[in-house]
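Colleague: can you look at this prediction? I've put the sequence above it.
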Amino acid sequence: MSARDFLPKGQTSLSLRLRLLLTNFLVMLVTLVSATSIAHIYKAQTLEEKVSDTVLTNPSKPASEEKDADLLLEVFEQVNNRGTHLAVLVSFVTVGLITWTLTETIDRPLRGIERAIRQFNSGNLNARIPPSAIPELHRLGLTLNSAASRLQGVEERRREVIGDLAHELGNPLTVIRGYLELVSHGEMPLTPSVGQQLHEEAERMARLLEDLKTLSKVETGNLPLHLQVLDPNPLLNSVIQALSVRNRKGTRLKLDCSTILPDIFADPDRVRQILINLISNALSYTEQGHVTVRAWSDMTRIWVEVSDTGVGITPEDLPRVFDRFWRSESSRKQNAGGTGIGLAITKHLVEVQGGQINVESKLNEGTAFRFSLPLATTESA
């Protein structure tokens with residue numbers, strides 16, 4: 001799609017370079033036409049009238065050829081001078097009007113861009129640059145409008161993040177402050193259970209801050225990746241084993257995949273983080289039943305699915321699953337203890353390694369997360 005497709009109806013698309021070139025040609029053409037027209041019309045007609053007047057003025061005095069020649073030269077010089085002055089004046093006025101008109105067609109959209117940029121600088125990111133009939137300026141306007149839209153989105157997300165962060169940090173801080181006030185006033189002894197609760201809330205805050213740092217690095221492209229050819233089988237088995245030991249709820253955790261999976265090209269630490277996030281999330285929201293990890297491969301990638309028989313997600317909440325700080329109402333009621341950005345981090349970690357992630361869920365039946373990673377090739381090896 002070209003810039004012409006975005007122009008208002010009835011406007012012709014002429015490039016800035018072409019406009020300037022046409023201006024120069026037009027100036028030269030006007031000058032030549034003015035000079036030629038005046039030479040052929042004004043000079044010839046005026047010279048003829050002057051000669052006739054001179055002859056009629058002296059009919060009874062025959063002049064010699066020399067005098068006639070001098071008289072004709074004098075008349076011609078007068079006519080030529082006046083014609084030249086008139087040609088210069090007409091050309092100057094005409095060229096000035098044409099130049100002003102064409103300059104205005106270029107200067108007007110530039111002023112519009114300047115006004116919009118001033119509004120951007122003052123914080124009004126809702127301002128937009130109007131379309132222009134000049135393709136270069138039109139593309140510049142589209143680029144600046146796009147940048148303003150992105151900045152507007154960044155500003156909105158920044159405000160949301162600050163609000164969500166204040167809310168998420170406020171909960172553990174309130175708990176810690178409440179316990180400390182009770183202990184300091186002697187209303188509650190500092191028992192091991194109270195100390196454990198304070199420690200858990202402090203750990204939750206530490207996890208939140210660490211997750212925020214990771215998410216920030218991933219979104220800005222500053223997270224280091226150590227991509228290498230990797231056998232996924234040992235990685236899957238070690239994560240399943242580690243989380244099975246830590247699982248205290250009795251939910252069954254099982255691995256269902258081929259004993260031989262092709263190598264992938266990925267960062268082993270980040271793949272482990274993805275698996276831990278998804279499996280831990282599934283265990284947190286599955287009170288009874290099981291969590292199953294499946295893996296298979298196609299021609300270009302390996303797929304891993306983490307499914308559970310937990311509370312599930314409503315259809316209206318499903319599109320927000322990967323939003324930072326978002327948690328469903330059921331998860332908030334369960335107080336699962338997550339930071340609300342684990343799935344956002346997981347999505348970014350999958351995508352920066354060239355993979356895809358999606359989710360399916362039915363309320364009160366369970367949820368299934370699937371992600372893919374590219375297979376190792378001879379080039380990556």
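Modeller: Looks like it came in fine.

Colleague: in the protein, which spans are strands?
Modeller: Ranges of strands within the chain are 228-230, 252-257, 264-266, 290-297, 301-308, 357-362, 366-374, based on DSSP state E.

Colleague: can you lay out those strands as CSV showing mean neighbour count and mean pLDDT?
Modeller: (Each C-beta comes from the backbone N, C-alpha and C, glycine too.) Formatted as CSV, those follow (neighbours: other Cβ atoms under 10 Å; pLDDT from 0 to 100):
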stretch, mean neighbour count, mean pLDDT
strand 228-230, 15, 93
strand 252-257, 15, 88
strand 264-266, 25, 94
strand 290-297, 18, 93
strand 301-308, 21, 94
strand 357-362, 17, 94
strand 366-374, 21, 95
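
Colleague: how about those in CSV, adding distance to A242?
Modeller: CSV is the format used below for the strands of the chain (distance: least, Cβ to Cβ, whole Å):
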stretch, distance to A242
strand 228-230, 18
strand 252-257, 10
strand 264-266, 19
strand 290-297, 13
strand 301-308, 15
strand 357-362, 22
strand 366-374, 19
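
Colleague: what's the closest of the ones you listed to D107?
Modeller: strand 357-362 (50.3 Å; Cβ to Cβ).

Colleague: go through the strands of the chain and name the closest to S193.
Modeller: Closest among the strands of the chain, once you apply Cβ to Cβ, is strand 252-257, at 28.3 Å.

Colleague: wait, which of the strands of the chain is closest to P319?
Modeller: Among the strands of the chain, strand 357-362 comes nearest to P319, with 9.6 Å by Cβ to Cβ.

Colleague: who does that closest one pair up with?
Modeller: Here strand 357-362 has these sheet partners by DSSP bridges: strand 366-374 (antiparallel).

Colleague: compare the strands of the chain and give me the one nearest V218.
Modeller: Closest to V218 of the strands of the chain is strand 357-362 (Cβ to Cβ; 13.4 Å).

Colleague: ok, which of the strands of the chain comes nearest Q196?
Modeller: Closest to Q196 of the strands of the chain is strand 252-257 (Cβ to Cβ; 25.3 Å).

Colleague: okay, now the sheet partners of the closest one, with direction.
Modeller: The pairing partners recorded for strand 252-257 under DSSP bridges are strand 290-297 (parallel).

Colleague: angle of the strand it pairs with against strand 301-308?
Modeller: Strand 290-297 runs at 170 degrees relative to strand 301-308, counting by axes from the mean of the first three to the mean of the last three Cα atoms, to 10 degrees.

Colleague: sorry, back to before: for A133, which of the strands of the chain is the nearest?
Modeller: For the strands of the chain, the distance to A133 is smallest for strand 357-362, at 44.1 Å, taking Cβ to Cβ.

Colleague: quick one: distance of that closest one to the chain centre.
Modeller: Remark: strand 357-362 is offset 27 Å from the chain centroid, using Cα atoms, centre = their mean, to the nearest Å.

Colleague: then that strand to PDB, C-alphas only?
Modeller: Provided in PDB are the C-alpha atoms of strand 357-362 (Å, rounded to 0.1, in the frame of the first residue of the first chain):
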ATOM      1  CA  ILE A 357       2.300 -19.800  22.900                       C
ATOM      2  CA  ASN A 358      -1.500 -20.200  23.200                       C
ATOM      3  CA  VAL A 359      -4.100 -21.200  25.800                       C
ATOM      4  CA  GLU A 360      -7.400 -23.000  25.800                       C
ATOM      5  CA  SER A 361      -9.600 -23.300  28.900                       C
ATOM      6  CA  LYS A 362     -13.100 -24.200  30.100                       C
END
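
Colleague: what does it contact?
Modeller: For strand 357-362, contacts defined as Cβ atoms under 8 Å, 6 or more residues apart in numbering pick out 312-313, 318, 321-322, 346-347, 350-351, 367-372.

Colleague: tell me the two of those residues that are most distant?
Modeller: Distance extremes for the contacts of strand 357-362: the farthest pair is G312 and E351 at 24.7 Å, using Cβ to Cβ.

Colleague: who has more neighbours out of those two?
Modeller: More crowded of G312 and E351, by other Cβ atoms under 10 Å: G312, with 19 against 13.

Colleague: from V359, how far off is the more buried one?
Modeller: Note on G312: its distance to V359, by Cβ to Cβ, to the nearest Å, is 11 Å.

Colleague: again, but for Q353
Modeller: Using Cβ to Cβ, one obtains 18 Å as the distance from Q353 to V359.

Colleague: quick check: D308 touching Y285?
Modeller: Yes: with contact defined as Cβ atoms under 8 Å, D308 reaches Y285; the gap is 6.9 Å.

Colleague: so what sits against both of the two?
Modeller: Common neighbours of D308 and Y285 are listed as T367 (criterion: Cβ under 8 Å, 6+ apart).

Colleague: mean confidence for stretch 126-133?
Modeller: In this model, stretch 126-133 carries a mean pLDDT of 83.

Colleague: got the buried residues for that stretch?
Modeller: Within stretch 126-133, the residues that count as buried by 16 or more other Cβ atoms under 10 Å are R128, I129, P131, S132, A133.

Colleague: doesn't G141 make contact with the third one?
Modeller: So the one you mean is P131. Yes: counting by Cβ under 8 Å, G141 is a contact partner of P131 at 6.9 Å.

Colleague: where along the chain do the helices fall?
Modeller: Assigned helices in the chain, in chain order: 16-37, 44-57, 65-121, 135-184, 192-220, 232-246, 268-284, 329-334, 342-352 (criterion: DSSP state H).

Colleague: which of those has the lowest average pLDDT?
Modeller: Mean pLDDT is lowest for helix 329-334 among the helices of the chain, at a mean of 51.

Colleague: next one: the residue nearest the centre of the chain from T143, what distance?
Modeller: Nearest to the mean C-alpha position of the chain, by Cα atoms, centre = their mean, lies R150 at 4.8 Å. Using Cβ to Cβ, R150 is found at 11 Å from T143.
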